[in-house]
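A.B. asks: this is a predicted model, with the sequence first.
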Amino acid sequence: QVRLEESGGGLVQPGGSLRLSCAASGSIFTIYDMGWYRQAPGKQRELVATITLGGMLNYADSVKGRFTISRDNAKNTVYLQMSSLKPEDTAVYYCNAEIRRTFGAAKYNYWGQGTQVTVSS
């Protein structure tokens, strides 16, 4: 069994910063791509940022220059540093990871339960 647990969400004023964390636990052999997605009320879930096992980064245009994704492979954890937050960043943020649980097994995508980020004055 694999579990992704997010933390770090909350209420922040426009222009402020937050850092999200997502730790993977359970039966894990290798974690490949890790990423953050978000879903605002009434909208579809959208990609925010991803990072490969080798450290290649990808960002949505809307967050480039404001958000930074990173990972600690020793801790099976991915982070999202969010700065210069805007009200339109308000959403539930979900962690995603592509994981192989044992040697030779298939890779599967796993999702966290989500953490609310609200940007408001």
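C.D. replies: Good, I have the coordinates.
A.B. asks: from here on, just use CA atoms for contacts and neighbour counts.
C.D. replies: Will do.
A.B. asks: on the three-state scheme, the residue of the chain positioned farthest from its centre is what?
C.D. replies: Of all residues in the chain, residue 104 sits farthest from the chain's C-alpha centroid, using CA atoms, centre = their mean; the distance is 26.2 Å. For residue 104, the secondary structure call by DSSP: H, G, I helix; E, B strand; the rest coil comes out as coil.
A.B. asks: how far away is it from residue 27?
C.D. replies: Residue 104 sits at a distance of 14 Å from residue 27 (criterion: CA to CA, to the nearest Å).
A.B. asks: now residue 98
C.D. replies: 13 Å.
A.B. asks: more neighbours: which of the two?
C.D. replies: For residue 98 versus residue 27, the count of surrounding residues by other CA atoms under 10 Å is larger for residue 98: 18 against 13.
A.B. asks: please save the CA atoms from the helix or strand hosting that one in PDB.
C.D. replies: Take DSSP states H and E as the rule and residue 98 turns out to sit in strand 91-100. Extracted C-alpha coordinates of strand 91-100, given in PDB (Å, rounded to 0.1, in the frame of the first residue of the first chain):
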ATOM      1  CA  ALA A  91      -7.600  25.900  -5.000                       C
ATOM      2  CA  VAL A  92      -7.200  22.400  -3.500                       C
ATOM      3  CA  TYR A  93      -3.700  21.300  -4.300                       C
ATOM      4  CA  TYR A  94      -3.100  17.600  -4.900                       C
ATOM      5  CA  CYS A  95       0.200  15.700  -4.900                       C
ATOM      6  CA  ASN A  96       0.800  13.100  -7.500                       C
ATOM      7  CA  ALA A  97       3.500  10.500  -7.900                       C
ATOM      8  CA  GLU A  98       4.400   7.700 -10.300                       C
ATOM      9  CA  ILE A  99       5.600   4.800  -8.200                       C
ATOM     10  CA  ARG A 100       6.900   1.300  -8.800                       C
END
